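J.: using only what follows, build the 3D model:
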Amino acid sequence: NIHSIYEMIESRIIVEPKMSRTKFPQDKWDIDTMMETVRNIGRRLNPGFVLDESNTDVYRNLIYWLVADESMTSINPGNGSRIAGRLDKGIYLAGNTGSGKTLAMTIIRKLYPLFPFVDAEGVKVKWLEKRADEITEIYAKSGEIQQFKQSPLLCIQDLGCEPNEASFMGNKLNVLQNIIEYRGDQPNKVTVVTSNIPLGHSDIASRYGERAQSRMVEMMNYLILTGKDRRYNIETK
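T.: I've put the predicted structure just below:
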């Protein structure tokens, strides 16, 4: 009967449990100390690093995300309004060239081991990070893509800098589109992205398709770094 058919189907479906976050009590951390830590790490990585009106809000929300604090907010890519952050989701950090996206993720990656996601067995989840063009190059050389699909937490730096397609043994593939669509259907995967392309921009849909764009909106908190090219400003001081 139909009931036994449903039971048979459900018995063959393996659903990996979602990763969990540890909400750190306020007596274990405070935002001012964390921001000072960000400033110190930033200056060690780049002596010209400053927290100012262009990046302070982004760093605050990255910290709230990191420590699983409900104070986090993100941006609605459809209308630009401020909305509540989703602590079990990833991050899409957009900004112009030189605005500090890579540095921001480097700082967060250094802090991440103190505030990691954990899997169903309580094991800390590792942070896997690659540039988008490196991922396509790996596929072109070896056909390897599964590590980027299956990693519980994947950070893709500079999405949009890669070629649209890569070919391995004659098999052409839009590698990043394939990875994003797969991960978007997996509630147990967390994806972090930096890009020069705004999340709501038509270039996202044209490069990766509307399905991938929809997945990114659903699985990431959207943040924007504003301001001029910081690398240029530092070099000309």
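
J.: show me what secondary structure element comes after the lengthiest helix in the chain.
T.: Longest helix in the chain by number of residues, with DSSP state H as the criterion: helix 202-219. As assigned by DSSP states H and E, the chain's next helix or strand after helix 202-219 is strand 220-225.

J.: for that following strand, enumerate the helices and strands it packs against.
T.: Packing partners of strand 220-225 (3 or more C-beta pairs under 8 Å, 6 or more residues apart in numbering; DSSP states H and E): helix 56-66, strand 73-75, strand 90-95, strand 190-195. Where C-beta positions appear, they are placed from N, C-alpha and C, glycine not excepted.

J.: what pairs with that strand, parallel or antiparallel?
T.: Strand 220-225 sits in its sheet next to strand 90-95 (parallel), going by DSSP bridges.

J.: chain center to the partner strand, what's the gap?
T.: Mean-position distance between strand 90-95 and its chain equals 6 Å (C-alpha atoms, centre = their mean, to the nearest Å).

J.: again, but for stretch 111-128
T.: Distance, centroid of stretch 111-128 to centroid of chain: 15 Å (C-alpha atoms, centre = their mean).

J.: turn the helices and strands packed on strand 220-225 into TSV, columns for mean pLDDT and distance to Trp29.
T.: Formatted as TSV, the helices and strands packed on strand 220-225 follow (pLDDT from 0 to 100; distance: least, C-beta to C-beta, whole Å):
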stretch	mean pLDDT	distance to Trp29
helix 56-66	96	9
strand 73-75	97	18
strand 90-95	96	19
strand 190-195	97	21
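
J.: looking at these, which is closest to Arg131?
T.: Closest to Arg131 of the helices and strands packed on strand 220-225, according to C-beta to C-beta: strand 190-195, at 9.4 Å.

J.: what angle separates that closest one from strand 220-225?
T.: Computed by axes from the mean of the first three to the mean of the last three C-alpha atoms, to 10 degrees, the angle separating strand 190-195 from strand 220-225 equals 30 degrees.

J.: report the angle between strand 190-195 and helix 202-219.
T.: Relative orientation of strand 190-195 versus helix 202-219 (the same axes, to 10 degrees): 150 degrees.

J.: excluding sequence neighbours, find me the nearest residue to the spatially most central residue of the chain.
T.: For the chain, Val192 is the residue whose C-alpha lies nearest the centre (C-alpha atoms, centre = their mean; 0.8 Å). Nearest residue to Val192 in three dimensions, chain neighbours excluded: Cys155, at 4.2 Å (C-beta to C-beta, 6 or more residues apart in numbering).
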